[in-house]
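**Student:** I'd like to go over a predicted model; first the sequence, then the structure.
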Amino acid sequence: MRRRLFRGFLLLLALAGIGLILYPNLRRVWADRQSGAVIREVQAKREENLRAPTPDQRPYETLYRDMQAYNDQIYQDRQSGLQDAWSYEQPPFSLAEYGVVEEAVGYLTIEAMDLHLPLYLGASRDNLAKGAAVLGNTSMPIGGQNTNCVIAGHRGWQGIPMFLEIQNLQPGDTVTLDNLWETLQYTVTEIRIIRPDEIEAVKIQEGRDLLTLVTCHPYPHNTQRYLVYCERVTDPGAGITPAGSAPAEPQTVPDASVEKITAERLINRAALAGLGVLAVAVLVGWAVKRIRRKPR
């Protein structure tokens, strides 16, 4: 009886270990499928917009105009509502009121990070668990002079990478933002590491059309913020000419972040490889027993 209980206990431990190994990988596969479905929904909405015979008949034209007005307003007000973390979470629009059921306003594509992530309004916990999110009281993701759309993402979340590989981005890399109306292309111009309370660092810069990516730093802690500034490319063939002051010299990521990310990836791969070897060994053992039991 004790031997059976001990074997049952060992089996439970083994299953728990297998679950811990497989969970982040299965979570990533599931999240990729969910993100893909949301991105396809955004693409379908944009095609619906493009099929409209005139701008006034486009289903999301009112939303676009309201976003333009909002961007102009926060620029004129010098983003006075951007005071603390709570202000980041508040979306200025309820997309459902405009017929955007999925609440995603677009998606990000960053080849240097192998990233395709839905984009939501307001950096709430729910939105950040599903993808990237535009910080409240920053510019809406439609571009334009005197705008800075600040987009936050977790540096890894329950097995989903999100902005985990943000250190791969370097000046000159491309960041693409697809919204419900068009594709906006940006080029990385500057990288900074700031304190969480340095709100001025994410504000609109006079005369510039910016997109700023922000995540926690250093990995896996939450004591600083890692910022990647990107300038809008209006003519992809001609490059960009940033307005205003020249960007500061890019900062490099401390080795500790890269080392920890690399170590976690290696441990995960080693665990998966070990699990695969164990599965093969179990199957071989089972097959050998079957053969030995066969009557001769």
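**Tutor:** Looks like it came in fine.
**Student:** and the next helix or strand past the longest strand belonging to the chain?
**Tutor:** Taking DSSP state E as the criterion, the chain has its longest strand at strand 183-194. Scanning the chain past strand 183-194 towards its C-terminal end, the next helix or strand to appear is strand 209-217 (assignment: DSSP states H and E).
**Student:** need the residues that contact stretch 83-96.
**Tutor:** Outside stretch 83-96, the residues within contact range by CB atoms under 8 Å, 6 or more residues apart in numbering are 63, 66-67, 70, 81-82, 103-105, 120-124, 134-137, 140, 152, 196, 199. Quick note: C-beta positions are derived from backbone N, CA and C, even for glycine.
**Student:** ok, now which ones touch residue 133?
**Tutor:** With contacts defined as CB under 8 Å, 6+ apart, residue 133 is in contact with 119-124, 127, 151-153.
**Student:** go ahead and list the helix or strand containing it.
**Tutor:** Secondary-structure assignment from DSSP H and E places residue 133 in strand 132-134.
**Student:** quick one: mean pLDDT for the helix or strand just after that strand?
**Tutor:** Along the chain past strand 132-134, the next helix or strand (assigned with DSSP H and E) turns out to be strand 147-152. Per-residue confidence for strand 147-152 averages out to 97 on the pLDDT scale.
**Student:** after strand 147-152, next one along is what?
**Tutor:** Sequence order places strand 155-157 as the next helix or strand after strand 147-152, per DSSP H and E.
**Student:** what about that next one, average pLDDT?
**Tutor:** This predicted structure assigns strand 155-157 an average pLDDT of 88.
**Student:** and that strand, what's buried?
**Tutor:** Buried residues in strand 155-157, defined by neighbour count with 16 or more other CB atoms under 10 Å: 155-157.
**Student:** what packs against the next helix or strand after that strand?
**Tutor:** Using DSSP H and E, the helix or strand that follows strand 155-157 towards the C-terminus is strand 160-162. With contacts defined as 3 or more CB pairs under 8 Å, 6 or more residues apart in numbering; DSSP states H and E, strand 160-162 has these neighbours: helix 2-51, strand 115-121.
**Student:** for the contacts of stretch 83-96, which ChimeraX command selects only the ones that are buried?
**Tutor:** If you want just the buried ones from these in ChimeraX, going by 16+ other CB under 10 Å, the selection is:
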select :63,67,70,82,103,104,105,120,121,122,123,124,134,135,136,137,140,152,199
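**Student:** gap between the two ends of stretch 156-173?
**Tutor:** 21 Å (CA to CA, to the nearest Å).
**Student:** likewise for stretch 51-67?
**Tutor:** Across its full length, stretch 51-67 reaches 21 Å end to end, with CA to CA as the criterion.
**Student:** buried by neighbour count: which residues of it qualify?
**Tutor:** So for stretch 51-67, counting by 16+ other CB under 10 Å, buried means 58, 60-61, 63-64, 67.
**Student:** repeat that for stretch 30-50.
**Tutor:** Neighbour-count burial for stretch 30-50, counted by 16+ other CB under 10 Å, picks out 31, 35, 38-39, 41-42, 45-46, 49.
**Student:** and the longest strand of the chain, which strands flank it?
**Tutor:** Strand 183-194 has its sheet partners listed here by DSSP bridges as strand 174-179 (antiparallel), strand 224-232 (antiparallel).
**Student:** let me know the closest of the buried residues of stretch 30-50 to residue 257.
**Tutor:** The shortest gap between residue 257 and any of those belongs to residue 31, at 22.1 Å (CB to CB).
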